[in-house]
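Trainee: Okay, sequence plus prediction incoming.
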Amino acid sequence: MEQNQQVILSVKRTVDTAEGHLLNYLQTEPFDLGKLPEVVMLTLKQHWSPFAMSADGVDGELLRQRAIWAIQQLEAQAALIRTVFLEPSVVKTETSRGETQAQAQQANGVESSSLHQTQTEEVQALEHRDDDETDDDETDVEWIDIKPSLEMQQINKLFGIG
C-alpha cells in the first residue's frame, strides 16, 4: 500500500521581529484570504510556481498559462500595495484589520478607474497598431477564454471586480 508523502514547512520567528509581526498579522486572516497556511501557499504559488513547473519538465501552453496567472497575481498585489500605501488620497493612520480593509476598498475605486483608463488606452493603441499591420482579410481576432482560479477570484473580490 502506497502512503501519501508530505512536505512539511514550519516557520518560527521571534515575536518582536519584523518577521514575527508579519506572521502575527497573517494569522489575523487579512482580506479574508484564509488561514496562515493557505496565505503562505498562495504567496509561494504566485512567486514560484512557474519555476517549479518548469523544473518538473512542464513546458508549452500549460507553463505559459501558469506564468500569465502568476504575473496577474503579482501585478494585482503590486497595485494593491501602490494604492493603499502610495496614493495621496489614502492616509494610513492605523494598521487595524477593519481600517486597512476600508482603505483598500476606498483605494480600489481610485485604482480601478485609472487601471481601466490605462487598459482602454492600451487596447486602443493595440487596435490602431493592428489596423496598420494587418491585411483587410485578417481582421478576425481570436481570444482565449481563461477561467480565473480560486486565488484569482479572491484577488478580484479584494479589488471589487466581478
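Mentor: Sure, I can see it.
Trainee: wait, what's in contact with Pro148?
Mentor: Asn156 (C-beta atoms under 8 Å, 6 or more residues apart in numbering). All C-beta atoms are positioned from the backbone trio N, CA, C, and that covers glycine.
Trainee: Work out for me the element it sits within.
Mentor: Take DSSP states H and E as the rule and Pro148 turns out to sit in neither a helix nor a strand.
Trainee: Run through who's touching the host helix or strand of Pro37.
Mentor: Assigned by DSSP H and E, Pro37 belongs to helix 36-55. When contacts are defined by C-beta under 8 Å, 6+ apart, helix 36-55 is touched by residues 9, 11, 23, 26-27, 29-30, 33-34, 62-63, 66-67, 70, 73-74, 77, 151.
Trainee: And the strands in the protein, which stretches?
Mentor: Using DSSP state E, no strands are found in the chain.
Trainee: can you give me the helices in it?
Mentor: Using DSSP state H, the helices found in the chain span residues 18-26, 36-55, 60-85, 97-133, 150-159.
Trainee: quick one: buried residues of the second one?
Mentor: It refers to helix 36-55. By 16 or more other C-beta atoms under 10 Å, the buried positions in helix 36-55 come out as 36, 39, 42-43, 45-46, 49-50, 53.
Trainee: ok, how many other residues are close to Gln73?
Mentor: Using other C-beta atoms under 10 Å, Gln73 is surrounded by 21 other residues.
Trainee: Hmm, Glu151 and it touching each other?
Mentor: Yes. Using C-beta atoms under 8 Å, Gln73 is in contact with Glu151, at 6.6 Å.
Trainee: Low-confidence ranges, this structure, go.
Mentor: Along the chain, segments meeting pLDDT under 70 span 1, 89-146, 160-162.
Trainee: Quick one: end-to-end distance for stretch 10-20.
Mentor: 13 Å (C-alpha to C-alpha, to the nearest Å).
Trainee: Show residues contacting it.
Mentor: Contacts to stretch 10-20, defined as C-beta under 8 Å, 6+ apart, come from residues 21-24, 40.
Trainee: what angle sits between the helix holding Pro37 and helix 60-85?
Mentor: Here the directions of helix 36-55 and helix 60-85 differ by 140 degrees (axes from the mean of the first three to the mean of the last three C-alpha atoms, to 10 degrees).
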